[in-house]
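K.L.:
predicted model and sequence below, questions to follow.
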Amino acid sequence: MKFETPAGANPIDAMKVIGQAVDRVDGKLKTTGQAPYAYEHKDVPGKPAYGYVIGAGIAKGRVASMNTAEAKRMPGVLAVVSAENAQPLGKGQMNTAKLLGGPEVDHYHQALAVVVAESFEQARSAANAVRIEYERGSGRFDLAKAKPGAQPLTGNDADTHTGDFEGAFAAAPVQLDQTYTTPDQNHAMMEPFATIAWWEGDALSVWTSNQMIAWNKKELAATFKMPPEKVHVRSPYVGGGFGGKLFLRADAVMAALGAKACGRPVKIALPRPFMVNNATHRPATIQRVRIGTTKEGRITAIGHESWSGDLPGGGPEVATQQTRLLYAGANRLTAMRLAELDLPEANAMRAPGEAPGMMVLEIAIDETAEKLGMDPVEFRVLNDTQVDPEHPERPFSQRNFVRCLQEGAARFGWSRRKAKPGQVREGRWLIGMGVASAFRNNINMTSAARVRLAGDGVVTVETDMTDIGTGSYTIIAQTAAEMMGLPVEKVRVKLGDSSFPASAGSGGQWGANSSTSGVYAACVKLREAVAQRLGMDPATAEFIDGEVRAGNRSASLAEAAKSGEIVAEEAMQWGDLAKKFQQSTFGAHFVEAAVDSYTGETRVRRMLAVCAAGRILNPKTARSQVIGAMTMGVGGALMEELAVDRRFGFFVNHDLAGYEVPVHADIPHQEVIFLDEADDKVSPMKAKGVGELGLCGVGAAVANAVYNATGVRVRDYPITLDKYLAKLPAIA
Amino acid sequence: MKAFTYERAKTPAAAAAAVAGHKGGKFIAGGTNLLDLMKLEIETPTHLVDVQDLGLDKIEETAEGGLRIGTLVSNTALAADARVRRDYGVLTRAIVAGASGQLRNKATTGGNLLQRTRCPYFYDTNQACNKRKPGSGCAAIGGFSRQLGVIGTSDACIATHPSDMAIALRVLDAAVETVDASGATRSVPIGEFHRLPGDTPHVENVLQRGELITSVTLPKPLGGRHFYHKVRDRASYAFALVSVAAVLNEDGSGRVAFGGVAPKPWRVEAADAKMRSGASAVARTAFADARPTHENAFKVTLAERTLAAVMQENRA
């Protein structure tokens, strides 16, 4: 099925199940420990052995020698596999660094070997007995130092110019020109990278933890130079991914190598430090924003440049992309520059580009509003656009951004904010309010599903879609239930298996809309097959309350499958509506923060997000997405930073004691409001995503609140107290 | 983790003798720090002597009007003890500001004093660390040092002691009581228990091989108002950037110890004498010999401002 014209009325519009706050269908399995994660699966042929990965102890250079003799003699050890004795591996397309290094070392903790033993403890102990000598090379680890040599990009990442930015900026009566930095960040998901792998003949099977089953299958096949049909990937439950699990990682490759070497299934979970230096991270950025306005506050020039680094062959943090679309203004510039660094691989992390880009842009907007003496909500409203500013002939499919700002301001009590910072005190505490825009584009991906109607009237959905804690199981069950006229209890959902039709997977906040659209397409086909089986006209048949009705006839849905299961499979594909209409999601974040005027400690006191993201498929799981993102935004604003050792080239704080994410005590009451919308130009579901929207701009809203409290503007994230302590009011 | 043997000792002296008699012997109580370090092979004991059966898990009143806290009293039990809450509030507040409920249930009084630093370079066995591997150098100096020490450090080591409890014990002038393999006992003032790193940062306290902490004693109650203000980058479950343990009198006099700044609880008696002159005067004296890095110089300012916050609360 191809979605080529705006959706008309369809069965989803009934919203008997869709749009309802249905509890997670997998909730009980998870809360009772019955949902198995990658490392826990028992459905494995034979007793698994345990693998422990050895990571490089240097960031750049060569392995001069690797002595495995002692390790191999240790109790329980079955195999030691390194580049020396592994089969020659290919490399998938989506990783920059090789997943098995040696003798060249490309980054710290790059996997160099795996030790396989009967027990985890034996494998770990023997891994510590492998002696590696290195020839240390010189590497580039400092973004600020590498910045002058950073290179322009091509294709989607090329510079953009609209009008005459330089001229308009120079002529603008009000100008802002500031530079900001954002740090390297880690996904820090709860479940580590983990895989159980085994070989049966020349076929490879894995239980793993991954967001993108079809990509993973292809990448494993490329790595082991085998046909994809011989690879079976299963990832039914994922304990968080945040983009870190979009790609094949060392756990799967090393488990497969270990399994081949010892002829048994091998299970590997990467230890926490490997989650940082072995895996990917959101790279640091240096960003410059220039905004020129009229005296009345209309933006005439907006420019956003960003510098980031990655390993050779890697990509940039696309921090400037939202600036192309968020605000009006005739003269525009965006530019990204990429430096080569020998730190671990930079790659996608939740709201890649937007998270650091909006953090910076939305402080810059706050600063500009202050220069103008304008309220920052009003300034944003004034510069709203209903069309793509680079292509004014191209409208947004739906843009209720201004309503998000205005409704949020009213709900939050924004009018009580004092424009002049540092004015509100409660005892020792300085109190401030901040606002920022949330903005992320909608992306649709081809997504397929298979639906089966059995004789007991139960519909089973099979798709390789993943549920990374987001609620995919639930919204897919709701979609099939709505389409087939059933309650959610009559739908079973099976996910995360590469033997199922390939879905959109979980990433880029495309998962909810794309995967349910795929299920919609399959259900349309199933409805036709059911109607035909019952001898009814597919065009007029209605599916309501477990029955199929056409004309004056009705039959139970179960009856259609009495004589045998009915199966339908279909994919949703996308026409060019995304070209004709800019499809995006919008929101506004409001934050109240308190700063201890003596110690500089910050406490976020209230948070509100108002989101406009099309039809909300399930307000309960959607709210969970947004409050989780808001929490991540507080972390990004106030504490999360991978500390780079610029001499030795690694992230030093590589565990959850050193890399601090918010704890419960950091997070106040969070309120989320979804505007009642349905966007008929994006899909038959009329829905968009919220998983990343919720993170866009939160950090800036926190930063702007801290500024409003203290009057000290910090332009280097995270806003830790050491950066403003000395500028706080003198103490008594 | 290296293979090790294990025994459960029946008496304090037998425990001390068992550790003294084994090269590579070590006591284990709650294990909240030791086991993690063993997994990383930062600690590689060959023999563990479990002290949990020694009966040292009681809090008793002393003849001097203070308390004797058995070494095995859990952090949770110590913080919750009614006498401690009433007379030594700074200790309860310090303990509950540390770790998590689960860890405090398992962690012991003696073990808390013996926990190792949280310097990230100590934890990464690829990096040079004089504390972990004497003579190998200190990768933290010139590296990521934001969390590390500003005073009492040396050219060999700039790590801090991570305990919150010990900061309160220092301000209370507690004493550490021990027994050795011969059964001989001694009492060490808390201020003399931890050693500064000098050239030997791997030697962290004055305990001799096999010497076992049996209890910690508190002198009779000090009175005054008790404060523990711990500043960190998040609201809970993090090590201190700076902490202030203070016992203040109505007239503003009192005493203070600082955490998060030094290889041991940092208290300078000459600084206590200046309490009535304000936080700045106290901090100037307490941190006169500070040698911060460019990344952690803020800790000196933060210590002063946190003390000022505590003094302001005392006045309020």
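P.N.:
Right, received. Where do you want to start?
K.L.:
show me what from the stretch 1-150 of chain B comes close to chain A.
P.N.:
B:1-3, B:39, B:41, B:118, B:120-121, B:123-124, B:126-127, B:139, B:142-144, B:146 (Cβ under 8 Å from any Cβ of the partner chain). C-beta here means a position set from N, CA and C on the backbone, and glycine is covered the same way.
K.L.:
hmm, 6 Å instead?
P.N.:
By Cβ under 6 Å from any Cβ of the partner chain, the residues of the stretch 1-150 of chain B that approach chain A are B:1, B:41, B:120, B:126, B:143-144.
K.L.:
residue farthest from the centroid of chain A?
P.N.:
Farthest-out residue of chain A from its mean C-alpha position, per Cα atoms, centre = their mean: residue A:552, at 49.0 Å.
K.L.:
so what pLDDT did that one get?
P.N.:
pLDDT recorded at residue A:552 is 91.
K.L.:
relative to residue A:536, how far out is it?
P.N.:
Residue A:552 sits 11 Å away from residue A:536, taking Cβ to Cβ, to the nearest Å as the criterion.
K.L.:
do residue B:76 as well
P.N.:
Distance of residue B:76 to residue A:536, computed by Cβ to Cβ: 68 Å.
K.L.:
likewise residue A:482?
P.N.:
Distance, residue A:482 to residue A:536, using Cβ to Cβ: 19 Å.
K.L.:
for residue A:250, which non-adjacent residue is closest in space?
P.N.:
Among residues not flanking residue A:250 along the chain, residue A:111 sits closest, at 4.2 Å (Cβ to Cβ, 6 or more residues apart in numbering or on different chains).
K.L.:
I'd say that neighbour and residue A:53 touch.
P.N.:
Yes. The pair residue A:111 / residue A:53 is scored as a contact, 5.0 Å apart, by Cβ atoms under 6 Å.
K.L.:
what touches both of those two?
P.N.:
residue A:254 (Cβ atoms under 6 Å, 6 or more residues apart in numbering or on different chains).
K.L.:
what's the domain layout of the chain?
P.N.:
Since no chain was named, I'll use chain A. The record's domain split for chain A, according to automatic domain parsing, is A:2-35+A:444-578, A:353-442+A:583-727.
K.L.:
try again with chain B
P.N.:
According to the TED database, chain B comprises the domains B:5-52, B:59-114+B:172-218.
K.L.:
how close does the residue in the stretch 51-200 of chain B that chain A sits nearest to sit to residue A:106?
P.N.:
Here the stretch 51-200 of chain B gets closest to chain A at one residue, residue B:126, 3.7 Å apart by Cβ to the nearest Cβ. For residue B:126, the distance to residue A:106 equals 16 Å [Cβ to Cβ].
K.L.:
give the next helix or strand downstream of the strand or helix carrying residue A:523.
P.N.:
Taking DSSP states H and E as the criterion, residue A:523 maps to helix A:511-533. Scanning forward in sequence from helix A:511-533 by DSSP H and E, the next helix or strand is strand A:542-544.
K.L.:
please state the offset of that next one from the chain centre?
P.N.:
36 Å (Cα atoms, centre = their mean, to the nearest Å).
K.L.:
just checking, what packs against it?
P.N.:
Contact partners of strand A:542-544 among helices and strands, from 3 or more Cβ pairs under 6 Å, 6 or more residues apart in numbering or on different chains; DSSP states H and E: none.
K.L.:
contact residues of chain A facing chain B?
P.N.:
Near chain B, the residues belonging to chain A are A:57, A:125, A:128, A:598-599, A:601, A:639, A:643, A:645, A:652-653, A:658, A:660, A:663, A:665-666, A:720, A:722, A:725-726, A:731 when assessed by Cβ under 6 Å from any Cβ.
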